[in-house]
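> mind looking at a prediction? Sequence and model below.
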Amino acid sequence: MVTDTEVLERIRQGGLIESVDEMSEAYREALRVTLIVSGDTELLSAPAYYHAAQKAPSVNAYISLMAIIQDELGHAHIAYRILEDIGVDVEQLIYERPPSQWKYPYAFDIPLESWVEMVVANAFYDRAGYKLLGDVYHHTSYGPWKRALAKVDKEEIFHVRHGEMWMRRLAKDPALRAELQRAVDWMFPLTVEWFGLPDDLKRHPAQLTFRIKGLSNDQLRQSWLREVVPFCESLGIRVPAHYDPAQDRYVLDYPLPCEFDPEEKRWHFDRPCTWDDVLRRWKQRGPYNEVFVEQVRRGYRQLRAWRAAQEGLGWA
């Protein structure tokens with residue numbers, strides 16, 4: 001078994017890890033945890049986006065979103081395929097794990113109920129994904145994932161551009177501008193929360209120690225704010241954050257974390273809470289967790305039933 005010291009020395013010299021044989025147990029575990037979050041996030045984005053696709057304003061808009069969903073499924077396949085390579089039972093992971101144990105951002109448990117919310121998701125959620133996977137692409141020490149993410153990096157920026165293009169169009173429409181502002185009001189803080197615990201409370205330092213990723217949660221959150229806040233301001237859309245020149249960073253205008261009502265899609269900025277409260281909410285999952293996991297599994301079960309029927313008829 002390779003030791004942590006040997007793995008870290010290889011990484012320090014600029015080398016990449018290419019297979020299980022070159023990993024220590026701690027490295028493999030850090031990679032496994034990170035890949036499950038990546039695979040689950042990409043896969044669950046598909047039913048979440050498909051739910052909103054039914055509100056597409058035109059055939060062209062619907063087809064564009066279907067292309068994005070197809071990309072996301074491909075991104076999920078990359079993560080799950082690498083998990084198989086390191087010995088994880090992906091069939092169990094996708095089709096037998098309780099829905100509450102899936103590891104994806106809480107944001108996808110809150111249904112996108114209009115085209116306006118859908119395109120804000122592209123601009124906010126996909127930019128978060130672009131930041132997170134872009135960091136892995138540029139910094140990870142695991143060679144197979146790094147090479148696979150070259151394709152993902154390009155596709156995620158297309159998703160972001162799709163959302164921003166639509167937000168620019170909606171912001172100019174007096175009839176839809178208020179709806180756009182309402183979507184931003186609840187989706188902006190939800191995406192800020194997406195990046196996870198602040199660095200001083202982070203519980204998985206092995207991801208950085210073994211350079212599975214390169215940037216911390218707070219660094220990634222700040223990078224997202226540096227692009228999203230100026231973009232929204234350019235549209236005249238209000239966001240609860242501003243640039244502080246004294247600190248050369250973007251600062252939130254509300255306490256992080258604070259309480260969120262998922263049914264009303266409303267943040268209570270006057271009710272600060274703790275990160276333990278947030279972790280409890282994440283573990284309980286949101287209103288569409290079971291619905292979307294079931295949608296992912298339904299086709300698999302139907303295909304198995306169809307195959308069993310064909311075998312019974314002697315057609316297999």
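That came in fine, so what should we check first? Predicted model, so just to flag it, every value in this text is computed and none were measured.

> what does stretch 291-309 contact?
43-44, 46-48, 50-51, 94-95, 99, 102, 108-109, 316 (C-beta atoms under 8 Å, 6 or more residues apart in numbering). Placement of C-beta: from N, CA and C, glycine included.

> could you do stretch 165-177 as well?
115, 116, 119, 120, 122, 123, 179, 180, 231, 235, 236, 237.

> pipe those into a markdown table and attach neighbour count and distance to residue 291 per row.
Putting the contacts of stretch 165-177 into a markdown table (neighbours: other C-beta atoms under 10 Å; distance: C-beta to C-beta, whole Å) gives the following:
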| residue | neighbour count | distance to residue 291 |
| --- | --- | --- |
| 115 | 23 | 20 |
| 116 | 24 | 21 |
| 119 | 25 | 22 |
| 120 | 28 | 21 |
| 122 | 25 | 21 |
| 123 | 26 | 24 |
| 179 | 16 | 24 |
| 180 | 23 | 26 |
| 231 | 18 | 31 |
| 235 | 17 | 32 |
| 236 | 10 | 35 |
| 237 | 19 | 30 |
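
> on that earlier part again, please pick the buried ones from the contacts of stretch 291-309.
Buried residues within the contacts of stretch 291-309, counting neighbours by 16 or more other C-beta atoms under 10 Å: 43, 44, 46, 47, 48, 51, 94, 99, 102, 108, 109.

> picking up where we left off before, just give me the least confident of the contacts of stretch 291-309.
Among the contacts of stretch 291-309, residue 316 has the lowest pLDDT, at 55.

> ok, back up a step: identify the farthest-apart pair in the buried ones among the contacts of stretch 291-309.
Comparing all pairs in these by C-beta to C-beta, the longest separation belongs to 51 and 94, at 19.0 Å.

> which of the contacts of stretch 291-309 sits closest to residue 249?
Top of the list for closeness to residue 249, among those and by C-beta to C-beta, is residue 108 at 27.7 Å.

> where exactly do the strands run in the stretch 201-316 of the chain?
241-244, 249-252, 258-261, 266-272 (DSSP state E, counting those that start in this stretch).

> may I see the buried residues of the last one?
This means strand 266-272. Across strand 266-272, burial judged by 16+ other C-beta under 10 Å covers residue 267.

> got it, and stretch 7-23?
Neighbour counts over stretch 7-23 (16+ other C-beta under 10 Å) mark 7, 8, 10, 11, 16, 17, 22, 23 as buried.

> quick one: which of these is nearest to residue 62?
If you rank the buried residues of stretch 7-23 by distance to residue 62 using C-beta to C-beta, residue 16 comes first, at 40.5 Å.

> and the gap between that closest one and residue 145?
Distance, residue 16 to residue 145, using C-beta to C-beta, to the nearest Å: 10 Å.

> how about residue 116?
Counting by C-beta to C-beta, the gap from residue 116 to residue 145 is 34 Å.

> what of residue 59?
Distance of residue 59 to residue 145, computed by C-beta to C-beta: 36 Å.

> when the two are compared, which one has more neighbours?
A count of neighbours by other C-beta atoms under 10 Å puts residue 145 above the other of residue 59 and residue 145, at 24 against 8.

> from residue 261, how far off is that one?
37 Å.

> could you do residue 191 as well?
Separation of residue 191 from residue 261 (C-beta to C-beta): 17 Å.

> and what of residue 157?
33 Å.

> of those two, which one has the most company?
A count of neighbours by other C-beta under 10 Å puts residue 157 above the other of residue 157 and residue 261, at 14 against 11.

> which ones are touching the more buried one?
residue 130.

> which of the helices or strands spans it?
When elements are assigned from DSSP states H and E, residue 157 belongs to helix 143-171.

> any idea of the mean pLDDT in that helix?
96.

> skip ahead from it and say which helix or strand is next.
helix 177-194.

> just checking the distance from that following helix to the centre of its chain.
With C-alpha atoms, centre = their mean, to the nearest Å as the basis, helix 177-194 stands 16 Å off its chain's centre.

> again with stretch 10-23
In terms of C-alpha atoms, centre = their mean, the centre of stretch 10-23 is found 26 Å from the chain centre.

> now do stretch 256-270
Counting by C-alpha atoms, centre = their mean, stretch 256-270 comes out at 20 Å from the chain centroid.

> quick one: contacts of it?
109-110, 185-186, 189-190, 192-193, 198, 240, 254-255, 271-275, 277-278, 281, 286-287.
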